[in-house]
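K.L.:
Predicted model, plus sequence, below.
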Amino acid sequence: MTLGQTLPVLPVRAVADAVRFYESRLGFTSRFRDADFAIMVRDAAELHLWQSDDDTWRGRAPAVLLGHPALDGDGNLLTFFHRATPRT
């Protein structure tokens, strides 16, 4: 399957672990990598991975979200969504 042009910026808990996952499991290659940021490419797709240890979302009140959340191989939450605005 060929990936089209896209440029998501994704928070990850451990950049090195996420790079290994995207390379070994999803066929991406690393264009740039340092301790807290990486650029991964495959076909026309480019992913920017940035180190984030922010767990404050766990204590927040639930929001109305529409979309498709998923976990990658090392437990990083990947969420492609939009916030629904309640009607009044």
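P.N.:
Good, I have the coordinates.
K.L.:
ok, which stretches of this protein are helices?
P.N.:
Remark: helices assigned in the chain by DSSP state H are 15-24.
K.L.:
Spatially nearest residue to the residue nearest the centre of it, not counting backbone neighbours?
P.N.:
For the chain, the residue nearest the mean C-alpha position is L10 (3.3 Å; C-alpha atoms, centre = their mean). Nearest non-adjacent residue to L10, counting by C-beta to C-beta, 6 or more residues apart in numbering: L49, 5.5 Å away. For the C-beta atoms, the positions are set from N, CA and C on the backbone; glycine is no exception.
K.L.:
What are the neighbouring residues in contact with the nearest residue to H48 once chain neighbours are set aside?
P.N.:
Spatial nearest neighbour of H48, chain neighbours left out: V9 (4.4 Å); criterion: C-beta to C-beta, 6+ apart. By C-beta atoms under 8 Å, 6 or more residues apart in numbering, the contact list for V9 reads L47, H48, W50.
K.L.:
can you pick the most crowded of those?
P.N.:
Of all these, L47 has the most neighbours under the rule other C-beta atoms under 10 Å, reaching 22 neighbours.
K.L.:
Tell me who's in contact with A35.
P.N.:
Contact analysis of A35 by C-beta under 8 Å, 6+ apart lists V15, Q51.
K.L.:
Against R20, how distant is it?
P.N.:
With distances taken as C-beta to C-beta, to the nearest Å, A35 is found 15 Å from R20.
K.L.:
how about the contacts of V9 in TSV, adding pLDDT and distance to F28?
P.N.:
Output for the contacts of V9, formatted as TSV (pLDDT from 0 to 100; distance: C-beta to C-beta, whole Å):
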residue	pLDDT	distance to F28
L47	92	7
H48	93	12
W50	90	15
